[in-house]
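Enquirer: quick check, what structure comes out for this input:
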Amino acid sequence: MGLITTLTYALPHRLMSSAARKLAYSRHPAIKQWLIDTVTRKFKVDLDEAAEPDPNAYPTFNSFFTRALKPGARIADADPRALLMPADGHISQCGGIEPLNGRDGRIFQAKGQSFTVSELLGDEAAAAPFADGLFATVYLSPRDYHRVHMPWAGTLRETVHVPGRLFSVGTDAVKSVPRLFARNERLVCHFDTDFGPMCQVMVGALLVSGVETVWSGVEIPAYGDRITRKDYRGQNIALGRFAEMARFNYGSTVIVLLPRGVATLSAALTSEAPVRLGQRLAELC
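Expert: Below you'll find the predicted structure:
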């Protein structure tokens, strides 16, 4: 385990993330521009594909970080049976969910590390449809486009805000921190689709200053101390394939869950492979 990862066990995660949020939303010209210029330079951010390519035009660091892209900068896979990659980033892991007891399954995190679907979702009953399904874990780095889109058309059924820690989701932490994605604060988004249930989990991380959704705005913070559910059945919140769903106000991870027998993952996807929004994630059976 690396030194930074070891230290994060003792760090005040939420205090640090709250401080980062204040900086991210600061309108002080010198502060926001220093942050934008530092991240652009250090992570080689490509602003040519941004709807606003001028780094000086953003009023805050957060507005820069959640920037929109130019029309056509990302294109959905043309195959109408293709489920789409929900975000830019890298594949952390992907594959089949290992069934455990008929009601739950195990998701591979890294060598020697895994967690159950029920731990991730905060609900054993909600885990059952995915017990032997498919998963894909996508890590968004600071250089990436930070809006998360829909792999397939769906109608929002429920969100579940699961409180937790805010460990880093970098490579060292993923390899070292047991059950990391099932321990970090996260927003679980359940959708009903024409093939059955689909879930996208927005996982927070150290210095992540928030998660927003297109249907209700800011969800995290406020940081939670208990599981909070919001029932959207009957409200007809329908999002199309490739539509924007949510955004991170700093880099983190999104996990896609699919039930058994509905799709096969793209053979091109491997651990640490770079991916782009709209490319093929899976294909309907």
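
Enquirer: state the distance from residue 69 to residue 75.
Expert: 11 Å (Cβ to Cβ, to the nearest Å). From N, CA and C alone the C-beta is placed, and that goes for glycine too.

Enquirer: more neighbours: the two, which one.
Expert: residue 69 (14 against 11; other Cβ atoms under 10 Å).

Enquirer: beta partners of the more buried one?
Expert: residue 50 (DSSP bridges).

Enquirer: quick one, what contacts it?
Expert: Counting by Cβ atoms under 8 Å, 6 or more residues apart in numbering, residue 69 touches 49, 50, 51, 145.

Enquirer: now it: how far from residue 50?
Expert: Plainly put, residue 69 is 6 Å away from residue 50 if you go by Cβ to Cβ.

Enquirer: check residue 179 too.
Expert: 36 Å.

Enquirer: try residue 215
Expert: 24 Å.

Enquirer: now swap in residue 250 and tell me
Expert: Counting by Cβ to Cβ - residue 250 and residue 50 are separated by 17 Å.

Enquirer: where does the stretch 1-150 of the chain have low pLDDT?
Expert: 1-13 (pLDDT under 70).

Enquirer: quick revisit: between residue 215 and residue 50, who's got more neighbours?
Expert: Each of residue 215 and residue 50 has its neighbours counted (other Cβ under 10 Å); residue 50 has more, 19 against 16.

Enquirer: which residues touch the more buried one?
Expert: Counted by Cβ under 8 Å, 6+ apart, residue 50 has contacts 67, 68, 69, 70.

Enquirer: go again with 7 Å.
Expert: 67, 69, 70 (Cβ atoms under 7 Å, 6 or more residues apart in numbering).

Enquirer: mean confidence for stretch 231-251?
Expert: Averaging pLDDT along stretch 231-251 gives 94.

Enquirer: export it to PDB, keeping only CA atoms.
Expert: C-alpha atoms of stretch 231-251 as PDB (Å, rounded to 0.1, in the frame of the first residue of the first chain):
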ATOM      1  CA  ASP A 231     -38.800   7.300  -5.200                       C
ATOM      2  CA  TYR A 232     -39.300   8.600  -8.800                       C
ATOM      3  CA  ARG A 233     -41.900   6.000  -9.900                       C
ATOM      4  CA  GLY A 234     -44.800   7.700 -11.700                       C
ATOM      5  CA  GLN A 235     -42.800  10.900 -12.400                       C
ATOM      6  CA  ASN A 236     -41.900   9.800 -15.900                       C
ATOM      7  CA  ILE A 237     -38.300  10.900 -15.800                       C
ATOM      8  CA  ALA A 238     -37.200   9.300 -19.000                       C
ATOM      9  CA  LEU A 239     -33.600   9.700 -20.400                       C
ATOM     10  CA  GLY A 240     -32.600   8.600 -23.900                       C
ATOM     11  CA  ARG A 241     -29.700   6.600 -24.900                       C
ATOM     12  CA  PHE A 242     -26.600   8.800 -24.800                       C
ATOM     13  CA  ALA A 243     -28.400  11.600 -22.900                       C
ATOM     14  CA  GLU A 244     -26.600  13.300 -20.000                       C
ATOM     15  CA  MET A 245     -27.500  11.800 -16.600                       C
ATOM     16  CA  ALA A 246     -25.300  13.400 -14.000                       C
ATOM     17  CA  ARG A 247     -21.900  15.000 -13.400                       C
ATOM     18  CA  PHE A 248     -19.000  14.800 -11.000                       C
ATOM     19  CA  ASN A 249     -17.700  18.100  -9.600                       C
ATOM     20  CA  TYR A 250     -14.300  16.400  -9.500                       C
ATOM     21  CA  GLY A 251     -12.900  13.200 -10.800                       C
END
